[in-house]
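no sequence on this one, just coordinates:
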């Protein structure tokens, strides 16, 4: 019947090893001895058997869990709810491998941490045989034994050169373990139930919060939309007010043509092509094709009309008001006029 | 005749604690041993009771300057949150972001802070695996840099969201729109990588902290003791606990190194997977990883120098540690040079018009000031200074070099993100990014938070892993070979 803890404190390894030898000679087995230290001495340094932990094994199990989690994230979800993206496979292998790697490592390390706690019996908040000097380099040798053997073992500690011997009655630990076990089971069941509910929308409907009705909107955005008064808003391309130039034109000059050519090379050439016939590299992808600027259809338009097309865009052509100042737009128009055949 | 080479009885045989090992009687040998102890922390054995006090005294006594600094930093954090609120209410339009520069300072900060976060793991995990013994006193300072830098880096994708309250759309969860995140996207690889790296870095730092929290619990009273009692988890230092502790640290060390490499590789893929000129590069992965380690090592050096001066940690942080860190930084600088040259070489050889345009801007265009400063700070200055042991062990000089490295590496990211993005294949969509007030305030505010969290952490938890230092001191020793004392490192 073991009913007390005896803790002998030693300030050097030799004395502690000696004390452990004396305990062995008294027939106390290694399982009843516990060594406490402020730094990781190897058990062999004290003549103790090597401790084979199972943290490594547990984290291997964690790695397996991680693989399963990654399989669910990358393959499971998209098999349950297919989401096709143009031309790509539903479950792409290279990018899934990345998720597999990260999830495996995540689960491995988390499992290592929690298995360290569980296997070491942590956390413990009840009173245990201990002395603060253990974090000052002292070594504690704890023995769990019969009360009547206490004096004999205490004498063995003293012979080995102990600094102090502490006695502590064995605390009943059954209640705590009982509660911990059932608390753990309950926790796992609850978490499992919540997770399984979450992943089945048909069971637990979680409405998708959109906040649509909470965001900023102004009166005219809320509708019903009113029709614009007739002829007040141009609905067919850029508006042109007869005789009113959109801005002061830049007269055609060699300088203006030179500038226009450079700007054309930066802003227009990819769609309209170097010669303006609409055969640019990017334009090839468009349907309808970009306008042929050399054609009479374009060249017969008045300057104002060209100015507005450049400023506001037309069809798929983007507006250039941000990129080009009005003067620069006139330079481009002057250059475009020279493309006429 | 006395036996000259008879080995001295070990301290345990004499029945003395390891820290009371007397000097040898031979005068010459005693002198040599004294010199070795002075130079090397792991040989300079003191009673752990005293060493605990060296650590705890500066944690308990705070000068008025410390509190003033805390208030200033907290003000910076408040400014950050105010600016963020302003940006959330008014939209991202209040920043300088706009077509074509949709990624700018926020992404630069994100990459920079994740980069800094790489050093902690590198120093504590990789140097642990490789058995570099000088890492012992500095590993926690590095891990703490990692934890707080990563927590701030993780804020930046959120700050970059127009509607930050919808951040949970990134997570896979069931909803009636079946809006699943797509794992085709590098951004989601980033999410999983950073989640793994961040959570495992915290656990890694905490695992190594547990024995030291137990030390704090044993040497405090009252409320503080109750606080440490919770975090110490009932640690007593039994053989079983130490054995599991060691295995766990090994699992983390070997596990977190590949994760660290994967994180910055994936961050680089955020860029390299696009077809933007200057980004679409196969060497971006290793190039980013090396850059991250480089800037992170510099950041850890800065943190260590400041800690040593303000917390009086002269016993723990000795020239040998700064020497080692500076050598590491020099090696990483040269590696960075190599990868940057490679990253430069392939497009230069290809002579694609858009790459040519970019390189002209770097060499003699508007970007030249940034580009040359980056090259000088990252390549020239470390290469010119860090070869000298005098500079490596001189704290002011090393501090300046480390700060310049930070400037260089920050500029590198500025060049990669907003400057490159402003010049794409189609000249008509070129643009210019200008820094606005919200980004500036948010950047400064997150840095304030990083520093504030760090200095508070150093006052609450021991920033030196004391148990690792004791382990080193107990297991290291000197052996006389001929007339010379050889420093023996533990074989295991």
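Looks like it arrived, so ask away. Only a predicted model underlies this, so the values are computations on that prediction, with no experimental measurement involved.

what is the worst-scoring helix or strand of chain A on mean pLDDT packed up against?
None of the helices or strands of chain A scores lower by mean pLDDT, DSSP states H and E than helix A:174-198, at a mean of 77. Using 3 or more Cβ pairs under 8 Å, 6 or more residues apart in numbering or on different chains; DSSP states H and E, no helix or strand is in contact with helix A:174-198. For every residue, glycine as well, the C-beta is placed using N, CA and C.

report the next helix or strand after it in sequence order.
helix A:254-267 (DSSP states H and E).

mind listing what's buried in that following helix?
For helix A:254-267, the buried set under the neighbour-count rule, 16 or more other Cβ atoms under 10 Å in any protein chain shown, comprises A:256-257, A:259-260, A:263-264, A:267.

grab the nearest non-local neighbour of the closest residue to chain A within chain B.
Of all residues in chain B, residue B:234 sits closest to chain A, at 3.1 Å by Cβ to the nearest Cβ. Closest residue to residue B:234 apart from its sequence neighbours, by Cβ to Cβ, 6 or more residues apart in numbering or on different chains: residue A:124 at 3.1 Å.

swap in residue B:296?
Nearest to residue B:296 is residue B:119, by Cβ to Cβ, 6+ apart, at 2.7 Å.

hmm, the one you found is touching residue B:143, no?
No - counting by Cβ atoms under 8 Å, residue B:119 does not reach residue B:143; the two are 9.4 Å apart.

between those two, who's got more neighbours?
Set residue B:119 next to residue B:143 and count neighbours by other Cβ atoms under 10 Å in any protein chain shown: residue B:119 wins out with 31 against 27.

give me the phi and psi for the more buried one.
The phi/psi pair for residue B:119 (degrees, to the nearest 10) reads phi -70, psi -40.

go on, residue A:251?
phi -70, psi 150.

look up phi and psi at the nearest residue to it once chain neighbours are set aside.
Nearest in space to residue A:251, with sequence neighbours left out and distances taken as Cβ to Cβ, 6+ apart, is residue A:334 at 8.0 Å. Per-residue torsions, residue A:334: phi -60, psi -40 (degrees, to the nearest 10).

residue A:334 contacts residue A:257, doesn't it?
Yes - at 5.8 Å, residue A:334 counts as touching residue A:257 under the criterion of Cβ under 8 Å.

quickly list the domain ranges of chain A.
Listed by automatic domain parsing, the domain ranges of chain A are A:4-50+A:122-175, A:55-117, A:176-206, A:254-338.

quick one: closest of the ones you listed to residue B:460.
Each of the domains of chain A has some distance to residue B:460 by Cβ to Cβ; the shortest is domain A:4-50+A:122-175, at 17.1 Å.

low-scoring stretches of chain B, by residue?
Low-confidence segments of chain B (pLDDT under 70): B:1-14, B:172-180, B:489-492.

who's in contact with the closest residue to residue B:318 other than its chain neighbours?
Sequence neighbours aside, residue B:41 is the residue nearest to residue B:318 in space, at 5.6 Å (criterion: Cβ to Cβ, 6+ apart). Residue B:41 makes contacts with B:136-137, B:315-316, B:318, B:320-321, B:469, B:472-473, as judged by Cβ atoms under 8 Å, 6 or more residues apart in numbering or on different chains.

on that earlier part again, out of the buried residues of helix A:254-267, who's nearest chain B?
residue A:267 (4.2 Å).

give the helix, strand or coil label for the closest residue to that closest one other than its chain neighbours.
Ranked by Cβ to Cβ, 6+ apart and with sequence neighbours excluded, the top spatial neighbour of residue A:267 is residue B:428, at 4.2 Å. Assigned by DSSP: H, G, I helix; E, B strand; the rest coil, the conformation of residue B:428 is helix.

same question for the one 3 residues further on.
Counting by three-state DSSP, the backbone at residue B:431 sits in coil.

cool, thanks, signing off.
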